[in-house]
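> pasting the sequence and the predicted coordinates here, then a few questions.
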Amino acid sequence: MSMVQAILLKNGRIIDPANKLDKKGSLLVEKGRITAVFTARQKTGPLPKKLFSIDLQGKWVVPGLIDMHVHLREPGEEHKETIESGTLAAAAGGFTAVACMPNTIPVNDCQSVTRLILEKAASASARVYPVGAISKGSHGKILAEFGEMKQAGAVALTDDGKPVTDSQLLRRALEYASNHKMLVISHSEDSGLSRNGAMNEGFISTSMGLNGIPHIAEEIMVYRDLALADYTGCHLHLAHISTRESINLIRQAKKNGVPVSAETAPHYFTLTEEAVQGYNTNAKMNPPLRTPKDRAAIIKAIQDGTIDAIATDHAPHSVLEKDIEFDQAANGIIGLETAVPLTLALFRKGHIDASRLVQLLSSNPARILGVEGGSLGIGAEADIAVIDPELHFVLQEQDILSKGKNSPFIGASLQGKAVLTLCGGRITHNLLSP
Amino acid sequence: MSSEYLFAHKHILGLDHLSVPDIELILNTAESFKEISTRAIKKVPVLRGKTVVTLFFEPSTRTRLSFDIAAKRMSADTFSISASTSSTTKGETLADTARNIEAMMPDILIMRHPSSGACHYLAKHIRTSVINAGDGTHEHPSQGLLDLMTVKEHKGEISGLKIAIIGDISHSRVAHSDIIGFSKMGAHVFVSGPATLIPKKIERLGATVCTTMAEAVSDADVVMPLRIQTERQNDPLIPSFREYATFFGINRQVLQTARPGALLMHPGPINRGVELAPDVADSAQSVILDQVTNGVAIRMALMYLVLGGK
């Protein structure tokens, strides 16, 4: 990765909703920081002599994307992904930061695991924000050491992958996390209703002979989680929202002033349960793909602000966990390298504008996590993604940088791609230069 | 044999992918093969030199023996493998097991497996013809076909009949294949049982759901109770077998509400005294053993047809 003293990103469309900017212009990066932003009508002013200048005609220049929900699998499952490979995939997808879930082996439930992750992340291709566990071992019994994990560098807390079934524990987590100013993220699922389920419950699960996961398995817990956020007054973030009624509940709660934010994943606004047909394990995830009505409600929620962020729930698995019988196969798909084209599809269909896209993928995740980034303001770290919104490509397995190749979009024609990624001024991904 | 309709399926994975002409061809072929089993020398050279492997990851008496006998009556060489369901924990994936078998050049692989879709998975990984002998709670196509054959044999026509299937619809691959098969052939399928055992949206598969057993059985031409598949139930879905027998068991009284001359069928194995009263199981209305006899003919037809009907 090359480190140049000064980089001029010329003639791109600079989209920076944090600074209310959407204009053609140029952006100067020096010593890892943004030092000047010139719109097309302004003069560029004096430029450094040694300058690496890149013409970005027709491209979008946006704050580096931040994925607040990824599984990097390290430590413990390095055959699926490592911090190195996962952040390479992130950079290729335009991401400059990822928040990694604690369901590693061992679980990231104490400062030593958090430190290990950050040590490995020191040489990674994106910033890594560890998310610690709510409960020790994510067993749902005893609170983990939030304060020590925060000191070690954790930014948020969740037992993701396992719902917190004990409402009292989640209440205590919300209360105690407020002492440490840490975000609590809930994986909302009634594990009784979802037990042994392999896909969304409905006609397709019945006709395929698969145990179903009813949409109410999510909604019942979303309601509980909203009640806890309301009661405690502590901010709660809801992960990977997938159903229409969840959206209705969140929308109403926000209207009532409940301190809540929510994310969804690109597959929930792109695919439906139909994708499972043929026992396609690359369409198996939890929560499962839902119905066209749910998908429409998710898109509406992305438009109206009920959904605050798009996070990929990047969940790499190897063929050992995926190329097997459907009911035995692991849940989850990779997402870092397809988030941009899938979200751009919403833009192209007129559901969202470019600024909203940047909010969803960058400035809102930064705000919710309480981390830097999500802005192209002068003086900010030069975390920048350059997106070619027109670039057509067919997703090929061999082009995927993640160790996991478990994507339902392999072979799909996609449009729009990150072509250049800068993380702290360092080029972490570049499809532009000859 | 009708030579004008070509059977185009290499695999038999379920009744959902068979058309009405496909099903008719299978039934007609089976009918013509049935006579072979009544001969003094029960063997024809149709599949001489062909190799048939049965791979069963679940216990079976009837289906496995039926496929085995069917293959031998056609002069195929048959081999049986009983595999533990835990092949993956032993380190070998299902695909590897299948590829190893395929390396020995069989012509047909017949598989039973506890995972729904396991035969679809196999068909994606190997070139050998795959016949599904039951996959999880998905389908059991040869059973569905032998049920169609048995009804057609006794009633002449399937179209317009009322078929009542009672019991554990959720976990029964036979029920799924029967609902699809009988509906495709123009019959009206009614299902009933404890609501905990009726899967969501089963009506879209072609069944009418009745909250009482009486509604389903009333004036039915075929009554088919199913076994409670406790081995597939993750949670207790009925309070007790005794209560089940009282409210959902088929006894003489219940059967009398069906149309006179109604057929009593059961895919087996029967839990006598639970879903079926013993005296009814052995009554004149019972065609349960005819189903077993026809099973051999259906399986002969399936093997014959997937190998190109030559």
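Arrived safely, thanks for sending. A quick note: this is a predicted structure, and the numbers were derived from the prediction, not measured. Residues are numbered from 1 along each chain as shown, chains lettered A, B, ... in the order given.

> and the pLDDT at the residue positioned nearest the centre of chain B?
Compute the mean C-alpha point of chain B, and by CA atoms, centre = their mean the closest residue is residue B:143, 1.7 Å away. The pLDDT attached to residue B:143 in the predicted structure is 98.

> got a list of what it touches?
B:63, B:134, B:173-174, B:177-178, B:267, B:295 (CB atoms under 8 Å, 6 or more residues apart in numbering or on different chains). Every residue, glycine included, has its C-beta placed from N, CA and C.

> was I right about residue B:223 contacting residue B:255?
Yes: assessed by CB atoms under 8 Å, residue B:223 is found in contact with residue B:255 at 6.2 Å.

> okay, these two: which has more neighbours?
In this view residue B:223 and residue B:255 are compared by other CB atoms under 10 Å in any protein chain shown, and residue B:223 has more residues nearby, 28 against 20.

> excluding covalently adjacent residues, which one is nearest to the residue of the stretch 51-200 of chain B found nearest chain A?
Per CB to the nearest CB, the residue of the stretch 51-200 of chain B with the smallest distance to chain A is residue B:138, at 2.9 Å. Closest residue to residue B:138 apart from its sequence neighbours, by CB to CB, 6 or more residues apart in numbering or on different chains: residue A:209 at 2.9 Å.

> and that neighbour, what does it touch?
B:116-117, B:135-139, B:173, B:176.

> and chain B, what are its domains?
Domain assignment of chain B by automatic domain parsing yields the ranges B:15-139+B:295-306, B:141-291.

> and the end-to-end length of the last one?
What that stands for is domain B:141-291. Terminal residues of domain B:141-291 lie 14 Å apart, using CA to CA, to the nearest Å.

> give the contact list for the closest residue to residue B:144 other than its chain neighbours.
Take residue B:144 and drop its neighbours on the chain: the residue closest to it by CB to CB, 6+ apart is residue B:177, 3.0 Å away. Neighbouring residues of residue B:177 by CB under 8 Å, 6+ apart: B:14-15, B:139-141, B:143-145, B:147.

> how near is residue B:177 to residue B:296?
Residue B:177 sits 18 Å away from residue B:296, taking CB to CB, to the nearest Å as the criterion.

> just to revisit the earlier point, next, the residue nearest to the centre of chain B: secondary structure please.
Secondary structure assignment for residue B:143 (DSSP: H, G, I helix; E, B strand; the rest coil): helix.

> how close does it get to residue B:166?
Following CB to CB, the distance that separates residue B:143 from residue B:166 is 16 Å.

> just to revisit the earlier point, show the pLDDT at the residue of the stretch 51-200 of chain B closest to chain A.
On the pLDDT scale, residue B:138 is placed at 97.

> quick one: it and residue B:172 touch, right?
No: using CB under 8 Å, residue B:138 is not in contact with residue B:172, being 10.3 Å away.

> can you map out the strands along the stretch 101-250 of chain A?
Assigned by DSSP state E, counting those that start in this stretch, the stretch 101-250 of chain A shows strands spanning A:127-132, A:156-157, A:183-186, A:199-200, A:212-213, A:236-238.

> and what of chain B?
In chain B, the strands defined using DSSP state E lie at B:51-56, B:77-82, B:108-113, B:129-135, B:162-166, B:188-192, B:207-210, B:222-225, B:263-264.

> mean pLDDT lowest for which of the ones you listed?
Mean pLDDT is lowest for strand B:77-82 among the strands of chain B, at a mean of 91.

> which neighbouring elements make contact with that one?
strand B:51-56, helix B:62-73 (3 or more CB pairs under 8 Å, 6 or more residues apart in numbering or on different chains; DSSP states H and E).

> tabulate these (JSON lines), appending distance to chain A.
Converted to JSON lines, these look like this (distance: least, CB to the nearest CB, whole Å):
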{"stretch": "strand B:51-56", "distance to chain A": "14"}
{"stretch": "helix B:62-73", "distance to chain A": "17"}
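
> quick one: closest of these to residue A:149.
Closest to residue A:149 of the helices and strands packed on strand B:77-82, according to CB to CB: strand B:51-56, at 49.5 Å.

> pLDDT weak spots in the stretch 151-300 of chain B?
Applying pLDDT under 70 to the stretch 151-300 of chain B flags residues B:233-234.

> close to chain A: what parts of it are there?
Proximity of the stretch 151-300 of chain B to chain A (CB under 8 Å from any CB of the partner chain) is limited to residues B:173, B:176, B:199-202, B:204-205, B:234-235.

> ok, back up a step: shared neighbours of residue B:223 and residue B:255, anything?
Counting by CB under 8 Å, 6+ apart, the residues touching both residue B:223 and residue B:255 are B:217, B:262, B:264.

> which one among those residues gets closest to chain A?
Once CB to the nearest CB is applied, the member of the shared contacts of residue B:223 and residue B:255 that ends up nearest chain A is residue B:217, at 22.7 Å.

> any low-confidence regions in the stretch 1-150 of chain A?
Ranges of the stretch 1-150 of chain A meeting pLDDT under 70: A:1-4, A:44.

> what about the residue of it found nearest chain B, distance to residue A:69?
Closest contact between the stretch 1-150 of chain A and chain B, by CB to the nearest CB, is at residue A:79 (14.7 Å). According to CB to CB, residue A:79 and residue A:69 sit 21 Å apart.

> and those two? Which one has more around it.
residue A:69 (29 against 14).

> ok, the more buried one touching residue A:263?
Yes: shown here, residue A:69 and residue A:263 form a contact pair, counting by CB under 8 Å, at 6.3 Å.

> overlap in contacts of the two?
Joint contacts of residue A:69 and residue A:263 (CB under 8 Å, 6+ apart) are A:239-240, A:311.

> ranking these by neighbours, who comes first?
Ranking the shared contacts of residue A:69 and residue A:263 using other CB under 10 Å puts residue A:311 first, with 27 neighbours.

> distance check, the closest residue to that residue other than its chain neighbours against residue B:82.
With sequence-adjacent residues excluded and distances taken as CB to CB, 6+ apart, residue A:311 is closest to residue A:69, at 3.6 Å. According to CB to CB, residue A:69 stands 44 Å off from residue B:82.

> output the residue of chain A whose distance to chain B is smallest.
Residue nearest to chain B within chain A: residue A:209 (2.9 Å; CB to the nearest CB).

> dihedrals phi and psi, that residue?
phi 70, psi 30 (degrees, to the nearest 10).

> what about residue 206, how many neighbours?
Just so you know, I chose chain A. Applying other CB under 10 Å, we find 23 residues neighbouring residue A:206.

> was after chain B, sorry
So residue B:206, with other CB under 10 Å, has 16 neighbours.

> chain A versus that one, what's the distance?
Distance of residue B:206 to chain A, computed by CB to the nearest CB, to the nearest Å: 10 Å.

> which residue is the nearest non-sequential neighbour of that residue?
Spatial nearest neighbour of residue B:206, chain neighbours left out: residue B:183 (3.0 Å); criterion: CB to CB, 6+ apart.

> the one you found: neighbour count?
Residue B:183, neighbours per other CB under 10 Å, totals 16.

> could you pull out the strands for the stretch 301-434 of chain A?
Under DSSP E, counting those that start in this stretch, the stretch 301-434 of chain A gives strands at A:309-310, A:384-394, A:413-423, A:426-430.

> and the third one, which residues are buried?
Buried residues in strand A:413-423, counting neighbours by 16 or more other CB atoms under 10 Å in any protein chain shown, are found at A:414-423.

> then the last one?
By neighbour count with 16+ other CB under 10 Å, strand A:426-430 contains the buried residues A:426-430.

> want to try a markdown table for these, with distance to residue A:39 and pLDDT as columns?
As requested, these are exported to a markdown table (distance: CB to CB, whole Å; pLDDT from 0 to 100):
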| residue | distance to residue A:39 | pLDDT |
| --- | --- | --- |
| A:426 | 26 | 95 |
| A:427 | 24 | 96 |
| A:428 | 26 | 97 |
| A:429 | 26 | 98 |
| A:430 | 25 | 96 |
